[in-house]
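**Student:** How does the following fold in three dimensions:
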Amino acid sequence: MMKVKRKIVVIKQAMGPIVEIAEPIINPIKDLADSGRLAGILLLIATAIAMTWSNMPGGESFATFWDTKLGIGPLEKTLNHWINDGLMVIFFFFVGLEIKRELLVGELSDFQQALLPGVAAVGGAILPAAFFVMFNRGEGNLDGWAIPTATDIAFSLGMLSLLGNRVPFAVKVLLTAIAVIDDLIAVLVIALFYTKQIDFTMLAYAAGVMAVLGALNYFKVRRFVFYILPGILLWFFILKSGVHATIAGVLLAMTIPLDEVDDLEHALYKPVNYLIMPIFALANTAIILSGDIGSMLTSPLSYGIISGLFLGKPLGIVVLSWIVVKLGWAKLPKGLRWRHIFGLGFTAGIGFTMSIFITNLSFEDTTLLNTAKVAIMVGTVLSGVVGLLWLIRVEQSLETAAIEEL
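**Tutor:** Below is the predicted model:
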């Protein structure tokens, strides 16, 4: 035993110089991870790599790499499909766990508390869709109406964390609640409006698996390992039913016992935010830009997406929130003013991951796909930057007012 301890001490001493060299690199990364900003930064890095690489000489090979086919028989899919229909199921499972926790024990478990973010999220979905339809009516692009309705919960909260304690904590709580409901709306939209043809036999098999999962929950089976095989079968049957396969992730999450939810969320947080989402961005932003970027950004499709994210989101959130507050049905969280809600609304316009995901379901034409994805990036950047600057300005004005009162 003493020999083992001595060996450990020797190893630590030998590693000392290496640790000292690595600390200046590791510590900032750890700080970014602890603050929640790392997920957003990794998404930006993955997007920058994908767009730069695909537009370099010979970059077409990077874009076409994602069309490589993998699998056998009925499960032979392109690499891009495996990411979007397979790997992203884990992302949606994670989203489902967040939705379940918030609905049962979180900010959305009480009707009075849930009313304001619920109405705000509905407004933040309806008005962006209306902006999109306004610009694209008669253009043949209406399948993309849901693209600007989405909020990227990890990216938006990561951007908000850049402000640290400069904004009230209630802003982050309210944005989280709105984003969670927004995710639920997005899941319903995908299930209801982006299912082209249903195989009811496969759907019946999926329902049978859900019954098994429900029984596991009812009989309080706590070990997640027992949910894995039924979960895989659920994914397969839903994939073959015509309903988008990622819905399986949300349905599986709904059957997980509540006391397991926190543990699973904790276990999945890093793989989802630091691996799955960057891989998704890498695969889905490999956009080969044409020489005429101006025509892409001035097309009705771009106008609809950018205006939906940048204008529709904040207006929808603020207007419907104002109505329910004025009617006396809800109250603004303590310490928040309407100026905070506007800033929060802009930040909610960071659509990125979910918007790109819905884009892939909306269009097959490469030109439309690339145009929509570029517009999402522009709308996301505008929303994020303006949201942060707005909230900084709000806090500065409140601090100035407080000093003048003294």
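**Student:** Can you give the contact residues for stretch 309-318?
**Tutor:** For stretch 309-318, the external contacting residues (Cβ atoms under 8 Å, 6 or more residues apart in numbering) are 120-132, 148, 151, 178, 338, 341-342, 344-346, 348-351, 355, 376, 379-380, 382-383, 386. All C-beta spots, glycine's among them, are computed from the backbone N, C-alpha and C.
**Student:** Which ones among those lie within helices?
**Tutor:** 120-132, 178, 338, 341-342, 344-346, 355, 376, 379-380, 382-383, 386 (DSSP state H).
**Student:** List only buried entries from these.
**Tutor:** Neighbour counting by 16 or more other Cβ atoms under 10 Å classes 120-132, 178, 341-342, 344-346, 355, 376, 379-380, 382-383, 386 among these as buried.
**Student:** in stretch 153-173, what's buried?
**Tutor:** Going by neighbour count (16+ other Cβ under 10 Å), the buried part of stretch 153-173 is 153-161, 163, 167-168, 171-173.
**Student:** I figured Trp329 was touching Phe111, is that so?
**Tutor:** No: at 10.2 Å, Trp329 and Phe111 do not qualify as touching, with contact defined as Cβ atoms under 8 Å.
**Student:** For the helix or strand containing Ser295, C-alpha coordinates in CSV please.
**Tutor:** Element membership for Ser295 (DSSP states H and E) is helix 293-297. Output of helix 293-297 as CSV, limited to C-alpha atoms (Å, rounded to 0.1, in the frame of the first residue of the first chain):
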residue,chain,number,x,y,z
ILE,A,293,-24.6,36.9,-51.0
GLY,A,294,-26.6,40.1,-51.4
SER,A,295,-29.4,38.4,-53.3
MET,A,296,-29.5,35.7,-50.6
LEU,A,297,-29.9,38.2,-47.8
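**Student:** Show the subsequent helix or strand relative to that helix.
**Tutor:** Sequence-wise, the next helix or strand downstream of helix 293-297 (DSSP H and E) is helix 300-307.
**Student:** And that next one, how far out from the chain middle?
**Tutor:** 20 Å (Cα atoms, centre = their mean, to the nearest Å).
**Student:** Please apply the same query to stretch 369-381.
**Tutor:** Remark: stretch 369-381 is offset 15 Å from the chain centroid, using Cα atoms, centre = their mean.
**Student:** Mind checking the pLDDT average for that stretch?
**Tutor:** Mean per-residue pLDDT for stretch 369-381: 92.
**Student:** rewinding a little: show me what counts as buried in the helix holding Ser295.
**Tutor:** Burial within helix 293-297, assessed by neighbour count using 16+ other Cβ under 10 Å, is assigned to Met296.
**Student:** What is the distance between it and the centre of its chain?
**Tutor:** Distance of helix 293-297 from the chain centroid (Cα atoms, centre = their mean) equals 26 Å.
**Student:** Which stretches in the stretch 51-200 of the chain count as strands?
**Tutor:** 69-70, 77-78 (DSSP state E, counting those that start in this stretch).
**Student:** now the ones you listed in a markdown table, with mean neighbour count, distance to Phe94 and mean pLDDT?
**Tutor:** Shown next, in a markdown table, are those (neighbours: other Cβ atoms under 10 Å; distance: least, Cβ to Cβ, whole Å; pLDDT from 0 to 100):
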| stretch | mean neighbour count | distance to Phe94 | mean pLDDT |
| --- | --- | --- | --- |
| strand 69-70 | 12 | 23 | 86 |
| strand 77-78 | 17 | 22 | 86 |
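**Student:** Columns distance to Tyr218 on top of these, output as TSV?
**Tutor:** Output for the strands of the stretch 51-200 of the chain, formatted as TSV (distance: least, Cβ to Cβ, whole Å):
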stretch	distance to Tyr218
strand 69-70	37
strand 77-78	34
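**Student:** among those strands, which is nearest Ala39?
**Tutor:** With Cβ to Cβ, the closest approach to Ala39 among these belongs to strand 77-78: 25.9 Å.
**Student:** Neighbouring strands of that closest one in the sheet, and parallel or not?
**Tutor:** Strand 77-78 sits in its sheet next to strand 69-70 (antiparallel), going by DSSP bridges.
**Student:** Point out where the stretch 151-300 of the chain drops to low pLDDT.
**Tutor:** Of all residues in the stretch 151-300 of the chain, those with pLDDT under 70 make up the ranges 290-291.
**Student:** And the helices in it, which stretches?
**Tutor:** 153-160, 169-193, 200-218, 225-241, 247-255, 258-271, 277-284, 293-297, 300-307 (DSSP state H, counting those that start in this stretch).
**Student:** where does the residue nearest the centre of the chain sit relative to Met377, distance-wise?
**Tutor:** In the chain, the residue lying closest to the centroid (Cα atoms, centre = their mean) is Asp152, at 3.4 Å. Distance of Asp152 to Met377, given as Cβ to Cβ, to the nearest Å: 12 Å.
**Student:** Next: Ala129.
**Tutor:** Separation of Ala129 from Met377 (Cβ to Cβ) stands at 20 Å.
**Student:** What of Gly164?
**Tutor:** Gly164 is 26 Å from Met377, where distance means Cβ to Cβ.
**Student:** Over to Val325?
**Tutor:** Relative to Met377, Val325 is positioned 33 Å away (Cβ to Cβ).
**Student:** cool, Asn80 as well?
**Tutor:** 18 Å.
**Student:** Among those two, which residue is more densely surrounded?
**Tutor:** Met377 (21 against 17; other Cβ atoms under 10 Å).
**Student:** Contacts only, for the more buried one.
**Tutor:** Going by Cβ under 8 Å, 6+ apart, Met377 touches Thr47, Thr285, Phe352.
**Student:** re the thing from before, what about Trp329 and Phe111, which has more around it?
**Tutor:** Neighbours per residue (other Cβ under 10 Å) separate Trp329 from Phe111, with Trp329 holding more: 12 against 9.
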